[in-house]
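A.B. asks: Okay, structure incoming, though there's no sequence with it:
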Ligand code: ASP
């Protein structure tokens with residue numbers, strides 16, 4: 001069995017943005033599944049699928065990322081290989097076109113797991129990962145959002161999340177390859193108008209991303225501060241490990257923990273080690289796409 005699930009955020013996606021979200025996850029899933037079908041690894045598939053969504057300005061990742069209160073883009077990303085527990089992540093990085101590729105290089109070519117800011121950029125230059133100016137990442141849509149936010153200086157993200165008013169367009173993917181290996185990855189521009197230096201759940205192993213071949217893989221999206229409090233991704237893996245590897249129950253139970261303990265909002269995608277999927281969210285919508293080698297057509301839902 002090969003299997004892949006991707007997400008492109010969980011929030012009250014307005015009607016006029018549904019088509020672009022659906023299109024983005026569809027293309028990401030197609031590319032990821034092609035990698036798996038060609039004999040690529042789960043890590044290859046996760047990276048390839050996330051690159052598609054980072055390059056698609058619909059999403060809050062790579063180009064199109066939200067702008068922080070100082071007017072900069074600072075991106076977070078992580079990837080984990082469930083075969084050997086190796087992981088790579090970047091946080092608060094401004095000048096890289098594809099954060100997931102840099103996270104993968106750190107996983108594979110360094111002895112570290114997380115690099116932040118200028119150190120991460122230095123590593124990118126040394127390892128041939130494409131860097132760029134912020135002008136390549138900032139879109140008109142996000143510049144407009146940022147300008148509006150500057151006119152409302154005291155608006156709290158926390159309250160905005162409670163009112164389900166925050167766009168949550170982080171992207172993620174989980175794959176199972178033909179060799180039985182699971183990988184997960186997540187990439188994000190964080191939350192709109194965040195404080196400079198703020199790091200969300202997406203680059204934190206165990207919060208935004210986790211993979212363990214013996215259980216499954218997870219990627220999350222939502223209010224990062226709440227996700228971090230309940231160590232969301234690893235919590236779902238632990239639930240699945242104890243519930244007979246039922247991915248849907250683990251995702252739903254994980255989300256209940258997020259709600260109960262942290263009053264959090266967001267969504268979770270997971271695969272178990274047999275490639276079965278689990279998806280849960282407590283936002284009005286979540287954009288997600290799933291396919292495995294037993295299916296004729298992917299399932300794409302918003
Ligand atoms: N989880 C991300 C963060 O808090 C936001 C998102 O999922 O869109 O940084």
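C.D. replies: Great, that's in hand. Bear in mind the structure is a predicted one, so any value in this text is a computation, not a measurement.

A.B. asks: of all of the stretch 51-200 of the chain, which residue lies closest to the ligand?
C.D. replies: Residue of the stretch 51-200 of the chain nearest the ligand, by Cβ to the nearest ligand atom: residue 200 (2.3 Å). The C-beta positions use only the backbone N, C-alpha and C, and glycine is treated the same way.

A.B. asks: now that residue: how far from residue 209?
C.D. replies: Separation of residue 200 from residue 209 (Cβ to Cβ, to the nearest Å) stands at 12 Å.

A.B. asks: If you count surrounding residues, which of the two has more?
C.D. replies: residue 209 (33 against 26; other Cβ atoms under 10 Å).

A.B. asks: Can you list the buried residues in stretch 69-88?
C.D. replies: 72-83, 86-88 (16 or more other Cβ atoms under 10 Å).

A.B. asks: and it, how far from the chain's centre?
C.D. replies: 9 Å (Cα atoms, centre = their mean, to the nearest Å).

A.B. asks: and that stretch, average pLDDT?
C.D. replies: Averaged over stretch 69-88, pLDDT sits at 97.

A.B. asks: Figure out the length between the terminal residues of that stretch.
C.D. replies: Taking Cα to Cα, to the nearest Å as the measure, stretch 69-88 stretches 27 Å from start to finish.

A.B. asks: The stretch 201-302 of the chain: helices as residue ranges?
C.D. replies: Under the criterion DSSP state H, counting those that start in this stretch, the stretch 201-302 of the chain contains helices at 224-229, 232-242, 247-262.

A.B. asks: Spatially, which two of the buried residues of stretch 69-88 are the most separated?
C.D. replies: 72 and 83 (35.7 Å; Cβ to Cβ).

A.B. asks: what about the residue nearest the centre of the chain, which SS state?
C.D. replies: By Cα atoms, centre = their mean, the chain has its centre lying nearest to residue 186, at 2.6 Å. Reduced to three states with DSSP: H, G, I helix; E, B strand; the rest coil, the structure at residue 186 is strand.

A.B. asks: Could you pull up the residues touching it?
C.D. replies: 50, 77-78, 170-172, 202-203, 208-209, 219-221 (Cβ atoms under 8 Å, 6 or more residues apart in numbering).

A.B. asks: now do 10 Å
C.D. replies: Counting by Cβ atoms under 10 Å, 6 or more residues apart in numbering, residue 186 makes contact with 7, 46, 50, 61, 76-80, 89, 99-100, 103, 170-174, 200-205, 207-210, 218-221, 233, 269.

A.B. asks: just wondering, since we're on residue 289, how far is it from the ligand?
C.D. replies: Using Cβ to the nearest ligand atom, to the nearest Å, we find residue 289 at a distance of 17 Å from the ligand.

A.B. asks: what residues are up against that residue?
C.D. replies: Per Cβ under 10 Å, 6+ apart, neighbours of residue 289: 4-8, 22, 24-30, 32-33, 49, 173, 269, 298-302.
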